[in-house]
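Participant: pasting the sequence and the predicted coordinates here, then a few questions.
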Amino acid sequence: MKKILFLSILLLLTSCASVSKTNDSKAVVTDNTETTQKQKIEFSYQGSAVNIDDDMKEVKDKIGEPKHYFEADSCAYQGKERVYIYGGMEIRTYEKEGEEYVFNIALTDNLVSTKEGLKLFMSEDKVTAIYSELEKEVGGVYIFSGYNCDLRVLTQDKKVVSIEYLKKI
């Protein structure tokens, strides 16, 4: 369990995150000569969308108050970093101009899944079956890159140990 927590924290420290929900597709210019289609990565919690850069007040209006909450001065930017812990997921926020916005969603147990049905502790084979577009990186990290965020799935010993939506920066 400590390994899973360490690996999840390691992923959180390497990037910012987010989630969003729509059925849109958007063209993204990858260099000055080529345009590719990337879809918008979606996430829903108890039937409510949680989107990148959503005002956290609005998110709480949709999904309710968290079970736990903590905050600390951010070492990455000015202001506070806050963590809201809900059943099966954590939302991390950042502060901008006195307002608080969502930048990370991490699934924390196997009671919550991605829109496509991936859960913690599923087999690595399920990851590749559900997300054929995922690219595997060193260390068992699979990345699905949408135009709005990345979905990162960390595997260890052929099992999913971390699922996070990470904001594009």
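Facilitator: All right, it came through fine. Numbers count the residues shown, from 1 in each chain.
Participant: which residues touch stretch 102-111?
Facilitator: 8, 11-12, 16-19, 43, 50-54, 56, 59, 85, 87-94, 113-114, 119-122, 162-167 (Cβ atoms under 8 Å, 6 or more residues apart in numbering). All C-beta spots, glycine's among them, are computed from the backbone N, C-alpha and C.
Participant: got any ranges where this structure has weak pLDDT?
Facilitator: Low-confidence segments of the chain, defined by pLDDT under 70: 1-37.
Participant: all strands for it, in order.
Facilitator: 25-29, 35-39, 44-45, 48-49, 68-73, 80-86, 89-96, 99-107, 135-137, 141-145, 149-156, 159-167 (DSSP state E).
Participant: with distance to Lys126 and mean neighbour count added, can I get these in TSV?
Facilitator: As requested, the strands of the chain are exported to TSV (distance: least, Cβ to Cβ, whole Å; neighbours: other Cβ atoms under 10 Å):
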stretch	distance to Lys126	mean neighbour count
strand 25-29	25	12
strand 35-39	20	12
strand 44-45	19	18
strand 48-49	24	14
strand 68-73	29	10
strand 80-86	24	18
strand 89-96	19	20
strand 99-107	14	22
strand 135-137	14	12
strand 141-145	11	19
strand 149-156	10	23
strand 159-167	8	23
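Participant: distance to Val127 added to those strands, as TSV?
Facilitator: Converted to TSV, those look like this (distance: least, Cβ to Cβ, whole Å):
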stretch	distance to Val127
strand 25-29	23
strand 35-39	17
strand 44-45	19
strand 48-49	23
strand 68-73	29
strand 80-86	23
strand 89-96	18
strand 99-107	13
strand 135-137	9
strand 141-145	6
strand 149-156	5
strand 159-167	6
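Participant: can you tell me the closest non-neighbouring residue to Val160?
Facilitator: Met122 (5.0 Å; Cβ to Cβ, 6 or more residues apart in numbering).
Participant: and if you look at Ser48?
Facilitator: Lys62 (4.2 Å).
Participant: ok, that neighbour touching Gly47?
Facilitator: No - using Cβ atoms under 8 Å, Lys62 is not in contact with Gly47; the gap is 9.2 Å.
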